[in-house]
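**Q** Sequence and predicted structure are below.
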Amino acid sequence: LPVTDPVEATYALSAKEMVEHGSWLTPTLFGAPWFDKPVLFYLLTSLSFRVFGVSAVAAHIMPALFAAASVTLLFWFVRRHASAKEALYAALVLGSSLQFLVLSKLIITDMVLFFFVSAALAFLYTGWREKEQALRWTLAAYGCAAFAVLTKGPVGLILPGMIFLAFLAYKKDAAALKTLFHPAGLLLFALIALPWYMFMAQQFGDQFLSTFFGL
């Protein structure tokens, strides 16, 4: 598809500038720092530009790959906890849903966010079901939540966190909170998600904080 939507064009241009200027931590737009979203989606798009060249095709590759990864993740999750037949049906329903197909073709953060939030929830639930490996799956979930936060901000942690806490409340499983809030998981999240935010706050101060968290 051609890049005609102004939002898509903004992401593509910012990633193009990252490649041209070698500015891998600070997204820019027309040469000025751009605080609209965290850095991960811009980095992924710039990586596609580096490999395939700057083009509309290269700009659309990452959302499509994360859409494919999301369908694959759903198939794995349902197969693990139900059956292969139900997993196939689930994957077909998701992969053929109109909004999902549209988002898989747009140069915006939503599909990347969808994958990491879905993965965080899938891993949290798997850890809840498979108690002997609970910490391992919880760590994987925190890692995915950290990448979600680097994709679209705090919603990447708040959304899966609120959903899973509501699930535990419904199941009346307070004991699972000990694993959910394990220090190792919180530390892993901080190590992945916080350095970029700390760098930007140090570099740009209130300009970054008020624009990113305020506006």
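**A** Cool, the structure landed. Residues are numbered from 1 along each chain as shown.
**Q** Tell me how far the residue in the chain sticking out farthest from the centre lies from residue 162.
**A** Outermost residue of the chain with respect to the C-alpha centroid, by C-alpha atoms, centre = their mean, is residue 172; its distance is 28.8 Å. Using C-beta to C-beta, to the nearest Å, we find residue 172 at a distance of 17 Å from residue 162. Every residue, glycine included, has its C-beta placed from N, CA and C.
**Q** go on, residue 152?
**A** From residue 152 over to residue 162 the distance is 15 Å, taken as C-beta to C-beta.
**Q** I figured residue 76 was touching residue 87, is that so?
**A** Yes. Residue 76 is within contact range of residue 87, at 7.5 Å (criterion: C-beta atoms under 8 Å).
**Q** so what does the helix or strand residue 66 falls within touch, helix or strand wise?
**A** Per DSSP states H and E, residue 66 falls inside helix 56-81. The contact analysis (3 or more C-beta pairs under 8 Å, 6 or more residues apart in numbering; DSSP states H and E) places helix 56-81 against helix 6-21, helix 40-52, helix 84-95, helix 98-103, helix 110-129.
**Q** ranking the ones you listed by burial, who's on top?
**A** Neighbour counts (mean count of other C-beta atoms under 10 Å) averaged over each of those peak at helix 110-129, with a mean of 22.
**Q** Pull out the buried residues from the lowest-mean-pLDDT helix or strand in the chain.
**A** Lowest mean confidence among the helices and strands of the chain (mean pLDDT, DSSP states H and E): helix 206-209, at a mean of 90. By neighbour count with 16 or more other C-beta atoms under 10 Å, helix 206-209 contains the buried residues residue 208.
**Q** Alright, I will stop here.
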